[in-house]
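Turn this into a structure:
(2 chains)
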There are 2 protein chains.
Amino acid sequence: MIQIESPKNEQVIKWKKLHTKKGRAQTGCFLVEGIHLVEEALRSSWIVETILTTNVAPFPGEKTRVVHVSERVMKELSETKSPQGVIAICRKKEMTPQSKLTGIYVLCDRIQDPGNVGTIIRTALAAGASGVVLGAGSVDLFHAKVIRATQGAFFHLPVYHGVLTEWIESFQTQRVPIYGTSLHDAVSYKQVSPISDVALLLGNEGEGVDASLLKQVDKKVYIPQHPKAESLNVAVACGIFLYHFMKDMPVK
Amino acid sequence: MIQIESPKNEQVIKWKKLHTKKGRAQTGCFLVEGIHLVEEALRSSWIVETILTTNVAPFPGEKTRVVHVSERVMKELSETKSPQGVIAICRKKEMTPQSKLTGIYVLCDRIQDPGNVGTIIRTALAAGASGVVLGAGSVDLFHAKVIRATQGAFFHLPVYHGVLTEWIESFQTQRVPIYGTSLHDAVSYKQVSPISDVALLLGNEGEGVDASLLKQVDKKVYIPQHPKAESLNVAVACGIFLYHFMKDMPVK
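Residues are numbered from 1 along each chain as shown, chains lettered A, B, ... in the order given. Modelled structure (predicted):
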C-alpha cells in the first residue's frame, strides 16, 4: 500500500527542499501540514497538487492525488514535533493588489517572528481586514511556522509580499490614510476614531517601524501601557488597534 | 578563569533538572536565560541565587555569585537555539493572594501553549491588571518558554498558581463580577461597559472555558469575528478584552 518507503527517495528529497525559502521559490510550491490545515486547503481556491499521508484514506471522496508514504518519510518531511501524518503540497499564489484599496490593510515592516506574522494574519481575517502586506525583511507567508500560526486564515484573506514604500504611495494616491505605530510623538489609539479605509503600519519586534517609513504616515498611534511594562507583543497590539479602528464589526 | 568546564559536572546535572517541572518543584528554583531577562531579575525583588556565564563580567558591580562556565556547559543548560551566554538560577516565589481583590484579574483555564501564557502575562502587565491566575492544566509560569514570552513581565505582576473554583468563590464573596469568554449565549464585548473590578476568565486554545466554570460566571462575552474566521489567538483576545474593559488607561 505504501508507495514511498525510503526517506532517500528522489521525490522526498525534492519535497524536503520546500522547507527552505529558496526551494519554495524554485518550485512555486509550499507545504501545509496537519489534518485541519490540509482540509482548509482543499476547501479553498488554492491548488493542492498532492496529499502525502501515512493513513489509508484521510479525505474520502477527495480527487486530489494521494501518495502514501512511510512513517519515516513523514518524519523527514514534517516540520512539527508530533506529525499528524498528513501533508499537502500546495501551489503558491501571488496576490495581485486590488486597484481600489478599501477597508483596513495591515502593513508589516520587518516582522521576523513567524508566530507573530501568522497571528497577525489570523487576527486581520477575524477583524474583517482587506489584506496584509509583508514588506521586505518580514518572514515570508509560506514559512511552515507562519502557516501554522495563521490557522489557515491566509486561505481566506489576501496576503501580499510587497515593497512598503510602493504600497504607501498607492494608499496616498487613493487618499487612504496611513497610521504608523510609534512610541514617540504619537497619539493614544483611543483618541482616534474608527475609520472605514486605513492602512495600519506595524514594525519590527525590537525596533518598531523604520524611521523613514514613519515619515510617510498620516498619524502616529500608540497603545498606553503600565509604566512597568516594556511593550506589547506586536500581534496583540495588532488586535487592539484593528478592533478599535474598524468601523463595522464583523457579523459573526 | 572557567570554573566549570564539563557538562558532566555534578552541579550542572543538578541545574539541568530545572528544565522540568519536577526538578523545579524539588529545588524551588528556576532558570532565567538571556541578558535582558537576567537584568530584569537582578533589578526585581526576586532572589537570584547564582549567575552562570561564559563571559568575563556580564554585570559589573553585581554582588550575586557568578560562576563561569564553558560554552559546552552553557549549551547543555540553555533552552534556546542561540544561547546568549547568561543564565540565572532564581528562587521561585509563590504569591499570596491579596485579601481585597481590586482591579482586573485574568484567570487562565487550561491554557497550554507556553507562548500564549507568557504573552497573556505580558499583556496583563501592560494593561495595568492586578494579577494573573493559572488554573490546573495551564502550563506553569516557570516553564522556560513562558518566562521568555513574558519578556520579564512576571517580575512586576503577581502570577498565581491556583484552583480556579476557589478563586471564583473569592471574587463572588467580594462581589467582583466574573466575565467568561464563550462563543455561545454570549454578548459582544463592545456592549459591555468598562469596569474597575472584574475577573476575566479565558479558556483552553481548542476547547475554550470549561463548561462547569462557565456556569459560575456573571456574564459571557465574545469578540465578533468575520464569518470566515475560526477564532482569535487567546493572547490576542486577552489584549482586546483587557483594553476594552479597563476603566483607567495606564499612564505611559
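
For the residue lying closest to A:T27 once chain neighbours are set aside, grab the count of nearby residues.
Distance criterion Cβ to Cβ, 6 or more residues apart in numbering or on different chains; nearest residue to A:T27, sequence neighbours excluded, is A:L18 at 6.7 Å. (C-beta placed from N, C-alpha, C; glycine too.) Counted by other Cβ atoms under 10 Å in any protein chain shown, the residues lying close to A:L18 total 22.

helix, strand or coil for A:L18?
When classified by DSSP: H, G, I helix; E, B strand; the rest coil, A:L18 comes out as helix.

How much space separates it from chain B?
21 Å (Cβ to the nearest Cβ, to the nearest Å).

and that residue, what pLDDT?
Per-residue pLDDT puts A:L18 at 97.

same thing with A:I87?
96.

That one should be in a helix, yeah?
No: counting by three-state DSSP, A:I87 falls outside a helix, being strand.

Count residues in the vicinity of it, would you?
28.

That one contacts A:T54, correct?
No: applying Cβ atoms under 8 Å, one finds A:I87 not in contact with A:T54, separated by 9.6 Å.

can you list residues touching both of those two?
Counting by Cβ atoms under 8 Å, 6 or more residues apart in numbering or on different chains, the shared contacts of A:I87 and A:T54 are A:M74.

For the closest residue in space to A:D248 that isn't next to it in sequence, give me its contacts.
In this structure, A:D248 finds its nearest non-sequential neighbour in A:G128, 7.3 Å apart by Cβ to Cβ, 6+ apart. Going by Cβ under 8 Å, 6+ apart, A:G128 touches A:103-104, A:246, A:248-250, B:226.

same thing but 7 Å
A:246, A:250, B:226 (Cβ atoms under 7 Å, 6 or more residues apart in numbering or on different chains).

tell me which parts of the stretch 101-250 of chain A are close to chain B?
Within the stretch 101-250 of chain A, the residues that sit near chain B (Cβ under 7 Å from any Cβ of the partner chain) are A:115, A:119, A:122-123, A:125-126, A:128, A:151, A:153, A:156, A:190, A:224-230, A:232-233, A:235-236, A:239-240, A:243, A:249-250.

Need the per-residue pLDDT for the residue in the stretch 1-150 of chain A positioned nearest to chain B.
Of all residues in the stretch 1-150 of chain A, A:A126 sits closest to chain B, at 3.9 Å by Cβ to the nearest Cβ. Per-residue confidence for A:A126 comes out at a pLDDT of 98.

Looks like it contacts B:N233 (just checking).
No: with contact defined as Cβ atoms under 7 Å, A:A126 does not count as touching B:N233 (9.2 Å).

And the helices in chain A, which stretches?
A:10-16, A:21-27, A:35-43, A:71-77, A:114-126, A:144-150, A:164-173, A:211-214, A:234-245 (DSSP state H).

Tell me which other helices or strands the fourth one touches.
By that I understand helix A:71-77. For helix A:71-77, the contact count by 3 or more Cβ pairs under 7 Å, 6 or more residues apart in numbering or on different chains; DSSP states H and E identifies helix A:10-16 as packing neighbours.

buried sites along the helix it packs on?
A:12, A:15 (16 or more other Cβ atoms under 10 Å in any protein chain shown).

Restricting the selection to alpha carbons, write it to PDB.
Listed next in PDB are the C-alpha coordinates belonging to helix A:10-16 (Å, rounded to 0.1, in the frame of the first residue of the first chain):
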ATOM      1  CA  GLU A  10      14.300  11.300  -5.100                       C
ATOM      2  CA  GLN A  11      10.800  12.800  -4.800                       C
ATOM      3  CA  VAL A  12      11.100  13.000  -1.000                       C
ATOM      4  CA  ILE A  13      14.400  14.900  -1.400                       C
ATOM      5  CA  LYS A  14      12.700  17.300  -3.700                       C
ATOM      6  CA  TRP A  15       9.800  17.900  -1.400                       C
ATOM      7  CA  LYS A  16      12.100  18.400   1.500                       C
END
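
Centre of the chain to it, how far?
Helix A:10-16 has its average C-alpha position 25 Å from the chain's average C-alpha position, going by Cα atoms, centre = their mean, to the nearest Å.

And that helix, what does it pack against?
helix A:71-77.

And the helix it packs on, what's buried?
In helix A:71-77, residues buried by neighbour count (16+ other Cβ under 10 Å) are A:73-74, A:76-77.

Give me the neighbour count for the closest residue in space to A:A149 that isn't next to it in sequence.
Excluding the flanking residues, the one nearest A:A149 by Cβ to Cβ, 6+ apart is A:G118, at 2.4 Å. Neighbour count of A:G118, defined by other Cβ under 10 Å: 25.

residues contacting A:G118?
Applying Cβ under 7 Å, 6+ apart, the residues contacting A:G118 are A:145-150.

any idea how far A:N204 lies from A:V198?
Distance from A:N204 to A:V198, counting by Cβ to Cβ, to the nearest Å: 21 Å.
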